[in-house]
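Undergrad: sequence first, then the predicted structure, then my questions.
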Amino acid sequence: MQLSRYVVDAVVLEGRSVREVASAHGISKSWVGELVRRFRRGGYPAIEPRSRAPHHSPHRVSAALEDEIVAWRKKLADDGFDAGAATIHYHLSLIHETVPAVSTIWRVLKRRGFVLPQPHKRPRSSWIRFEGSLPNECWQSDVTHWRLKHDIGVEIINFIDDYSRLCLASHAVSVTTAPTVAEVFRHAAKTWGNPASVLTDNGCVYTAWHRGGTNAMEAELLSRGIAFKHSRPYHPQTCGKVERFHQTLKSYLAKQPAALSIAQLQAQIDRFVAYYNNTRPHRARGRITPRAAYDARDKARPLKPGIDIGTGVRVRHDKVHRDGKITLRHRGRLHHIGIGKPHRNKRVIMLVAGLDIRVLTEDGELLRHLTLDPSRDYQPSGTSMSRDIQPA
């Protein structure tokens, strides 16, 4: 039995006083008296709990505007674009002088059944985030897979700017190779300028360090003085921004008719990139477009001089040991090359072309140039088999 009905019965049927009933149940006398008055006017239905919602709300979203919000939701979702409350707010602001708040749009979507409860996710406060402070400070790149009609597999090479989230290049190919990645990078650099650094995973199209050599992408970045950074193996979160871009791009492509050819797929990608860069507001950049964020600040530039390594040259990155030497394996035999104790623990770049070896700092300063003597484990300096060009 509800407390209100029990209180009314105690006063009306049992004849108990209002003061006594109020004291017994810890409620006010005025409330007991109000319940009794309602009962005498309308019986038990009159003492049922009443809604606290206002009878009239002048700021409530009109039915027509609710329908427009729902229409935008359906249109954006059907086209494969982001259809969240903030994106809908942005599109409404382009055609209306006054629009509801993002939270209001979200409540409309929830009331109309477009927002469903989700399990609790990892709290944002636990995230460890990093991002560039300037455009072109760091580019992220990765390759993702897609399928044409008739289940034909293709690949898409993506480059995005870490700071602004601008899509710098998105190129579809049948099979990704290291020269192809380097060519896509050159085209992006011609359009947007050289970045200070590039971040990728450890795929063979990006690096050949695990094979003891270099590939086209590494040589290209080295020649431009661009720092090359790699994610930890089996840790895609390091390249999370480009990974998230893959997801956004694929959501769009999934809503399009299946492409019959790479050219048709590329046309779909180009349409998406134009919308993504210039129209769609990005949450990570304060709800402005990636192009606006990219154009708003000065651009970072490479901090190191370019190193022209030439063709057929193997590149090795090493650190000078505490004894002032570095090591190089040639035809299965390990050789020790003296650099000098003043350079111990310094990061160096070795350019190996057959027996010709150049050792440079990461800033391009030449520390030693010699011709390797395969018969000796410890390479001498100042002999006929060695020519040193060391700073004074």
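TA: Sure thing, it's come through. What you are looking at is a predicted structure, and each value in this text was computed from that prediction instead of being measured.
Undergrad: any idea how far Lys255 is from the closest residue to Tyr252 other than its chain neighbours?
TA: Of all residues not flanking Tyr252 in the chain, Gly80 sits nearest, at 3.5 Å (C-beta to C-beta, 6 or more residues apart in numbering). Placement of C-beta: from N, CA and C, glycine included. As judged by C-beta to C-beta, to the nearest Å, Gly80 and Lys255 stand 3 Å apart.
Undergrad: Glu131 against Asp161, yeah?
TA: No. If you go by C-beta atoms under 8 Å, Glu131 and Asp161 don't touch, sitting 9.9 Å apart.
Undergrad: those two: who's more crowded?
TA: Taking neighbours as other C-beta atoms under 10 Å, Glu131 and Asp161 compare with Asp161 leading, 27 against 14.
Undergrad: hey, what's that one bridged with?
TA: Here Asp161 shows beta-bridge partners Trp139, assigned using DSSP bridges.
Undergrad: list residues touching both of Glu131 and Asp161?
TA: Here Glu131 and Asp161 share no contacting residue, scored by C-beta atoms under 8 Å, 6 or more residues apart in numbering.
Undergrad: thinking again about what came up before, would you mind telling me which of Gly80 and Lys255 has the busier surroundings?
TA: Taking neighbours as other C-beta under 10 Å, Gly80 and Lys255 compare with Gly80 leading, 19 against 13.
Undergrad: pLDDT score for that one?
TA: The model reports Gly80 with a pLDDT of 84.
Undergrad: so who does it touch?
TA: Ser251, Tyr252, Leu253, Ala254, Lys255, Gln256, Phe272 are the contacts of Gly80 under C-beta under 8 Å, 6+ apart.
Undergrad: pick the one among these closest to Val143.
TA: Closest approach between those and Val143, by C-beta to C-beta: Leu253, at 15.2 Å.
Undergrad: next, the contact list for the closest one, please.
TA: Gly80, Trp146, Leu265, Gln268, Ile269, Phe272.
Undergrad: can you tell me the SS state at the residue nearest to Ser231 when sequence neighbours are not counted?
TA: Spatial nearest neighbour of Ser231, chain neighbours left out: Thr238 (3.5 Å); criterion: C-beta to C-beta, 6+ apart. What DSSP: H, G, I helix; E, B strand; the rest coil gives for Thr238 is helix.
Undergrad: for the residue nearest the centre of the chain, helix, strand, or coil?
TA: Nearest residue to the geometric centre of the chain (C-alpha atoms, centre = their mean): Lys241, 1.6 Å. Look at Lys241: counting by three-state DSSP, its state is helix.
Undergrad: separation between the nearest residue to it once chain neighbours are set aside and Arg271?
TA: Closest residue in space to Lys241, ignoring its immediate chain neighbours: Gln140 at 5.3 Å, by C-beta to C-beta, 6+ apart. Distance, Gln140 to Arg271, using C-beta to C-beta: 22 Å.
Undergrad: picking up where we left off before, would you check that the residue nearest to Lys241 makes contact with Thr238?
TA: No. The pair Gln140 / Thr238 is not scored as a contact, 9.0 Å apart, by C-beta under 8 Å.
Undergrad: overlap in contacts, these two.
TA: With C-beta under 8 Å, 6+ apart as the test, Gln140 and Thr238 both reach Leu199.
Undergrad: settle it for me: which of the two has more neighbours?
TA: Gln140 (28 against 16).
Undergrad: helix, strand, or coil at the closest residue to Val175 other than its chain neighbours?
TA: Nearest residue to Val175, sequence neighbours excluded (C-beta to C-beta, 6+ apart): Glu155, at 6.6 Å. Following three-state DSSP, the label given to Glu155 is strand.
Undergrad: next: Met350.
TA: Applying three-state DSSP: Met350 is strand.
Undergrad: what's the local residue count around it?
TA: Neighbours of Met350 (other C-beta under 10 Å): 20.
Undergrad: same check, this time on Arg107
TA: 15.
Undergrad: quick one: average pLDDT of whichever strand or helix holds it?
TA: Using DSSP states H and E, Arg107 sits within helix 102-111. On average, the pLDDT along helix 102-111 is 89.
Undergrad: now that helix - C-alpha only, CSV.
TA: This file holds the C-alpha atoms of helix 102-111, laid out as CSV (Å, rounded to 0.1, in the frame of the first residue of the first chain):
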residue,chain,number,x,y,z
VAL,A,102,24.7,19.5,-28.6
SER,A,103,23.4,18.0,-25.4
THR,A,104,19.8,18.8,-26.5
ILE,A,105,20.4,17.1,-29.9
TRP,A,106,21.8,14.1,-28.1
ARG,A,107,18.7,13.9,-25.9
VAL,A,108,16.4,14.1,-29.0
LEU,A,109,18.4,11.2,-30.6
LYS,A,110,18.1,9.2,-27.5
ARG,A,111,14.4,9.9,-27.1
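Undergrad: who touches it?
TA: So helix 102-111 is contacted by Val61, Glu66, Ile69, Val70, Arg73, Ala85, Ala86, Ile88, His89, Leu92, Pro100, Val115 (C-beta under 8 Å, 6+ apart).
Undergrad: who's in contact with Val70?
TA: Per C-beta under 8 Å, 6+ apart, neighbours of Val70: Val108, Leu109, Arg112, Phe114.
Undergrad: and the helix or strand harbouring it with helix 102-111, angle?
TA: Using DSSP H and E, Val70 sits in helix 63-79. Computed by axes from the mean of the first three to the mean of the last three C-alpha atoms, to 10 degrees, the angle separating helix 63-79 from helix 102-111 equals 80 degrees.
Undergrad: tell me what the helix or strand hosting Ala169 is packed against?
TA: Using DSSP H and E, Ala169 maps to strand 167-173. Applying 3 or more C-beta pairs under 8 Å, 6 or more residues apart in numbering; DSSP states H and E, one finds that strand 167-173 makes contact with strand 152-161, helix 178-192, helix 262-278.
Undergrad: so for the helix or strand following the longest one, what gets flagged as buried?
TA: Pointing back at helix 262-278 there. Downstream of helix 262-278, the first helix or strand assigned by DSSP H and E is helix 290-295. If you call a residue buried by 16 or more other C-beta atoms under 10 Å, then helix 290-295 has these buried ones: Pro290, Arg291, Ala292, Ala293, Tyr294.
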